[in-house]
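# kindly return the folded structure for what I paste below:
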Amino acid sequence: MNDTAQDFGQTVATRYWHVLEDGRVQCDLCPRYCKMHEGQRGLCFVRGNKGGAIVLTTYGRSSGYCVDPIEKKPLNHFLPGTPVLSFGTAGCNLACKFCQNWDISKSREMDTLADEASPETIAMAAKALDCRSVAYTYNDPVIFHEYAIDVAKECRKYGIKNVAVTAGYVCAEPRAEFYQYMDAANVDLKAFTEDFYYKLTGGHLQYVLDTLKYIKHETDVWLEITTLLIPGKNDSDQELDELSLWVKNELGVDVPLHFTAFHPEWKMLDVPETPSSTLERARDIAIKNGLHYVYTGNVHDKSGQSTYCHQCGEVVIGRDWYELFEWNLDASGHCQKCGAVCAGVFEAEHGVWGSKRVPVRLKDYV
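From the prediction side, this is the model:
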């Protein structure tokens, strides 16, 4: 928690908080339960106590907008090949020492938020840009809960899908509200030990596991999982075995699991990059444990990034980075060779956006 009084500027009211006996206000959005005196902000730095209530300071303000391939989120089984309008704000409710987006998620500089846009403007821009979805990403949408929900509501009016890219560190009541408006989610399962979560993220594993189970079993949101493998921290055979078995037993064999490569960032510059062999080993372990769809990421690996039919082994979606080079699904998502269903959200034809990444200013499209 930030201990000095702040000038919050323009803010919007929030709902998930209560006043403590000593006069402080506790934020009940995420399991950090930050307790703040007047003028203080929580660890996320974007929610704080103003006038005896918790307010959000980043509503309507973004660190930038970009049209990405949906596979970059990463989502391999949700509208493959289509463009997604991506944006985030600033701050984060975890304190990951290895953060790959630290310049945004760890920022306490409000001038990081270069673009302003109303929820309606974002939805209209997504439509004008022919995006099939909008992604709440770069930093965690948990902390801009109210803004993300309002954008999602507007997007639905235009037939635009909503995608959450999140660490899943959120309390039960706001989680239920948030996922009413999401169509897909990629959740970072950062490791499978409490020791890792506590020492390297400042959080706790069980809350994330609870979110994964909630999304899978209590919503219709399409779910995929990403684990960033950090050499010597979360890449042992035992941990990979336990993680993939948990996914199989608690979520099911059809939930895609992405193992991605770590690059030295933020406060872990002394840790080497993840070798490709580690990703291949992780993928092999998860497949042997029965998961149908296991991928490698942040490396060039056609084999590890393509989708295979779980029944006959045929390549049903061939990928090279974010480019689709092969498509063997019929209009209803069945393998054209054996007829087995490929789990996911597919349309009759895949998108052709490819690997393009296009920064945009929304005012140019509305």
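
# in the protein, where is pLDDT below threshold?
Within the chain, the stretches with pLDDT under 70 are 1-10, 101-114, 366.

# break down it into its helices, ranges please.
Taking DSSP state H to define them, one finds helices in the chain at 102-105, 119-128, 145-157, 172-179, 194-196, 205-218, 237-246, 276-288, 302-305.

# regarding this protein, what is its longest strand?
Counting by DSSP state E, the longest strand found in the chain is strand 222-229.

# tell me what that one is packed against?
Contacts defined by 3 or more CB pairs under 8 Å, 6 or more residues apart in numbering; DSSP states H and E place strand 222-229 against strand 184-188, helix 205-218, strand 257-261, helix 276-288. No exception for glycine: its C-beta is placed from N, CA and C like everyone else's.

# of those, which approaches Ala123 most closely?
Comparing those by their distance to Ala123 (CB to CB), the top pick is strand 184-188, with 16.8 Å.

# paired strands for the closest one, with orientation please.
Paired with strand 184-188 in the same sheet, following DSSP bridges, are strand 161-166 (parallel), strand 222-229 (parallel).

# now it, how far from the centre of its chain.
Strand 184-188 sits 5 Å away from the centroid of its parent chain (CA atoms, centre = their mean, to the nearest Å).

# can I get the strands paired with strand 184-188 in CSV including distance to Lys302 and mean neighbour count?
Shown next, in CSV, are the strands paired with strand 184-188 (distance: least, CB to CB, whole Å; neighbours: other CB atoms under 10 Å):
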stretch, distance to Lys302, mean neighbour count
strand 161-166, 24, 26
strand 222-229, 19, 23
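
# dump those strands to a markdown table, plus distance to Arg357.
As requested, the strands paired with strand 184-188 are arranged in a markdown table below (distance: least, CB to CB, whole Å):
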| stretch | distance to Arg357 |
| --- | --- |
| strand 161-166 | 15 |
| strand 222-229 | 18 |
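
# so Leu223 bridges to which residues?
Here Leu223, judged by DSSP bridges, has bridge partners Ala185.

# roughly how far does it sit from Thr11?
32 Å (CB to CB, to the nearest Å).

# OK, contacts around the residue nearest to the spatial centre of the chain?
Centroid-nearest residue in the chain: Val165, 1.5 Å away (criterion: CA atoms, centre = their mean). By CB atoms under 8 Å, 6 or more residues apart in numbering, the residues touching Val165 are Lys73, Ala135, Tyr136, Thr137, Tyr138, Asp140, Pro141, Ala185, Asn186.

# so who does Cys131 touch?
Residues in contact with Cys131 (CB under 8 Å, 6+ apart) are Val67, Thr82, Pro83, Val84, Leu85, Ile160.

# ok, 7 Å please
By CB atoms under 7 Å, 6 or more residues apart in numbering, Cys131 lies in contact with Val67, Pro83, Val84, Leu85, Ile160.

# against Val12, how distant is the last one?
When distances are taken as CB to CB, Ile160 and Val12 turn out to be 22 Å apart.

# higher neighbour count, those two?
Taking other CB atoms under 10 Å, Ile160 and Val12 do not tie; Ile160 has more neighbours (23 against 13).

# excluding sequence neighbours, find me the nearest residue to the more buried one.
Closest residue to Ile160 apart from its sequence neighbours, by CB to CB, 6 or more residues apart in numbering: Ala126 at 4.9 Å.

# could you count how many residues lie near the one you found?
By other CB under 10 Å, neighbour count at Ala126 equals 29.

# right, and it touches Arg156 too?
No. Using CB atoms under 7 Å, Ala126 is not in contact with Arg156; the gap is 11.3 Å.
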